[in-house]
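A.B. asks: take a look and give me a structure for this.
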Amino acid sequence: MSESTILELRQKNSSDVERNGIYKTTLDTAIQIEEGDQVNVKAIYLDTSESSAGLIHLEDDVEITMEMAMYIQNYKLDQRFTSHFGQESLELRQYVNMGNDVRSPFELGDNNIWWLAQHSENVSSTNWKVQKIKITIGDLSKGVDNYGGLTLHFNYVSTAPGAANLVYPLKIKSTRKQNLPPNGEYAINILSRGDGDGPFITLQEKLPQTGITSVTWEPYQQQVDPGETIFTLQRFPLNFTIGAGDYTPGELADIITENMANVELEGKVNDLYDDNASSTPILKTNWPAMSPFLTTILKNDAELQRKALTEGETIGQSFVNATDYIVDNGNDLTGTFYMEYNLTGMKGEYVAPNPANPADYNPPLDKYIGANEVALIFDENTNKLQFNLHFPIYVNESSSGSNDASPGVVYNGIDNNLPGVFSVPTGMPLRYSGVAFTRLEPTSFWENQLGFGDITITPEMNANLNYPISTSTPPTHNNSFTIKANNGEQITGAFPSLDVAVIKSETSFSTPPFSNISTTNPPLIEISNPAIWSVNSTKTYNNSIADEGYFIVDVSPNFNQNLIGEIGSSQSSKSTQSIVNRYYTQNSFTSDQGAGSISYTHSGAPQMLSEFQVRVLNPDRSIVKPSILQEKNTVFIEVIKPIKANTTQKSK
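C.D. replies: Okay, the predicted model is just below:
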């Protein structure tokens with residue numbers, strides 16, 4: 001007779017994953033192995049569900065939700081413009097809340113990213129600031145050593161006029177139970193509408209989920225005083241449907257790109273402004289781009305002013321320095337400044353059409369914002385999907401005005417009179433403007449199937465911004481936001497390779513003339529650069545056929561056994577082994593029920609089993625390619641202890 005204990009070694013529960021198929025599991029309770037005990041591989045399930053043909057399987061139609069935020073890179077070429085009426089150059093961008101004489105029209109941009117926002121006065125007495133939430137989890141002592149590995153979605157109502165419904169995604173990474181945050185507190189930093197009792201916040205997920213028993217934010221909510229001006233990141237939604245079926249990564253990329261890259265997505269476009277083009281708001285309904293990925297300064301302002309009329313509030317368009325604004329003296333000024341465009345000057349360029357003299361017509365001055373290079377691409381060299389989401393800087397344009405410029409970079413000159421306020425504007429701007437995702441749903445599609453797990457940005461309402469100018473009395477609440485956005489992770493642009501530092505128009509292949517770059521009229525240095533700093537998925541798709549018929553699954557605890565290979569193979573091992581048939585079909589797992597495993601019987605002094613290292617290997621003991629295995633790999637270990645017979649004789 002014997003008793004059996006089954007141990008589950010699940011990669012999804014591991015906090016120590018080197019790559020798919022190579023991970024470590026620590027038992028919640030160690031097991032003592034004694035003389036005669038057996039340790040077997042009971043069963044193995046390897047996640048090869050999408051590897052046989054590199055296809056992406058959609059069981060049902062998928063309702064896609066994409067939500068974007070827009071930004072500009074504040075470099076020198078968009079700082080000024082010359083009036084159509086022959087007037088002197090005017091300042092296009094105005095740094096409203098920095099006081100007087102901080103930046104003149106002839107000074108340059110700071111080369112930082114500024115996010116498109118709207119600002120309005122808080123007229124409600126029931127708007128709330130929530131800085132944290134508290135999560136209570138259940139008992140983790142019963143064989144569960146890890147917590148997390150999930151995303152909680154909090155629905156709330158924006159404080160901006162129009163009361164849009166927003167989602168705050170709180171990602172909780174998988175962690176050991178002893179590493180949970182103190183008191184279960186997680187920062188969220190949101191502003192939400194509500195009533196006298198609290199904010200309008202709900203959790204999408206149903207409890208309990210992954211051990212969660214309760215979620216609360218009441219101890220951390222605080223009412224926002226009326227009269228404070230609040231800056232809110234603007235968001236632009238897109239929804240479409242992808243039908244059920246099997247798709248190659250390239251086919252799926254083409255479908256998503258077709259839905260993203262339509263310039264007339266929201267209506268027909270035209271190039272003429274009507275007779276009200278200089279009014280506020282402009283009554284024009286058709287614009288050069290009708291897309292949630294690409295808009296213009298005047299189009300966005302017109303939509304905000306129409307919303308303001310409907311809501312009976314005043315709304316301003318603004319750009320907030322919400323990302324990595326560390327200035328020369330080391331001060332972190334992220335989220336504390338904003339700028340506006342000179343809308344009055346831009347609209348003042350308008351001359352209405354004159355049938356008697358068509359040459360008199362002149363449209364208002366307008367500027368694009370967002371991304372025109374919008375695509376999801378499947379790279380056949382890396383077998384990965386990648387997003388491109390920016391508006392390139394175009395260089396080497398001809399004087400004829402033809403549409404022949406190429407993407408590239410320029411050098412942003414130094415012209416900075418207050419280093420304590422502005423970052424030194426050196427280096428190369430990598431894009432004119434761009435977008436970043438604030439929401440991608442469903443999560444199972446974007447993260448699990450496509451591998452875009454950390455691509456979205458989340459604004460944190462954790463900065464004070466003095467409005468309209470710097471004052472000695474800061475706002476009483478955090479009324480501005482910060483955003484973490486990195487090149488190649490959440491935003492895209494030109495790739496700053498070594499090649500772009502070489503000036504190729506010179507016969508000597510010279511360096512950029514930095515000696516002249518601090519003059520009042522620095523030279524314009526343009527370099528063509530087709531390379532893109534894309535956002536790559538973490539998933540590698542397989543397009544090859546397995547060249548051998550099995551996997552070796554190596555499980556290494558703190559006991560030894562020998563697996564001897566053929567003479568000269570150098571393939572001996574001192575760990576528990578199992579041989580798994582490599583036959584698999586689309587959307588299935590490769591499995592083995594212990595038939596190919598080698599059993600171990602313990603002999604000698606007792607030992608404690610507390611940790612297992614799992615490695616899935618090729619027959620030559622090399623590591624399996626990441627395109628073969630996904631993350632849902634599990635090995636079941638069986639520990640068999642013989643029950644000793646009771647040989648004690650009863651006394652007569």
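A.B. asks: the spatially closest residue to G488 that is not a sequence neighbour pairs with what?
C.D. replies: Leaving aside its chain neighbours, G488 sits nearest to W533 (4.9 Å; criterion: C-beta to C-beta, 6 or more residues apart in numbering). Quick note: C-beta positions are derived from backbone N, CA and C, even for glycine. For W533, the beta-bridge partners are G493 (DSSP bridges).
A.B. asks: tell me who's in contact with W533.
C.D. replies: Taking C-beta atoms under 8 Å, 6 or more residues apart in numbering as the contact definition, W533 lies against 430, 487-488, 492-496.
A.B. asks: pull the most distant pair out of those.
C.D. replies: Greatest spacing in the contacts of W533, by C-beta to C-beta: T492 and P496 (12.5 Å).
A.B. asks: got the confidence number for the residue nearest to G488?
C.D. replies: W533 is assigned 95 on the pLDDT scale.
A.B. asks: and for W114?
C.D. replies: 95.
A.B. asks: what helix or strand does it sit in?
C.D. replies: strand 113-121 (DSSP states H and E).
A.B. asks: and that strand, what does it pack onto?
C.D. replies: When contacts are defined as 3 or more C-beta pairs under 8 Å, 6 or more residues apart in numbering; DSSP states H and E, strand 113-121 packs onto strand 62-73, strand 229-233, helix 297-311, strand 315-320, strand 338-341.
A.B. asks: tell me the strands beside that strand, with direction?
C.D. replies: strand 62-73 (antiparallel), strand 229-233 (antiparallel), strand 315-320 (antiparallel).
A.B. asks: show me what counts as buried in the next helix or strand after it.
C.D. replies: Next helix or strand after strand 113-121 toward the C-terminus (DSSP H and E): strand 127-137. By neighbour count on 16 or more other C-beta atoms under 10 Å, the buried set for strand 127-137 is 127-135, 137.
A.B. asks: for stretch 625-638, same thing?
C.D. replies: Buried, per 16+ other C-beta under 10 Å, within stretch 625-638: 625-630, 632-638.
A.B. asks: out of these, which sit inside strands?
C.D. replies: 634-638 (DSSP state E).
A.B. asks: wait, what's in contact with H390?
C.D. replies: If you count contacts by C-beta under 8 Å, 6+ apart, H390 has them with 371, 373, 430-435, 491-493.
A.B. asks: would you check which pair of those lies furthest apart?
C.D. replies: Going by C-beta to C-beta, the pair spanning the contacts of H390 furthest: L430 and V435, at 14.2 Å.
A.B. asks: T344 - how many residues pack around it?
C.D. replies: 10 (other C-beta atoms under 10 Å).
A.B. asks: again, but for K12
C.D. replies: 14.
A.B. asks: how about the helices in the stretch 151-300 of the chain?
C.D. replies: 249-260, 297-311 (DSSP state H, counting those that start in this stretch).
A.B. asks: packing partners for the longest one?
C.D. replies: Same thing as helix 297-311. Counting contacts by 3+ C-beta pairs under 8 Å, 6+ apart, helix 297-311 is packed against strand 113-121, strand 315-320, helix 343-347.
A.B. asks: what's the closest of these to S599?
C.D. replies: Closest among those, using C-beta to C-beta: strand 113-121, at 59.9 Å.
A.B. asks: please compute how far the closest one lies from its chain's middle.
C.D. replies: 20 Å (C-alpha atoms, centre = their mean, to the nearest Å).
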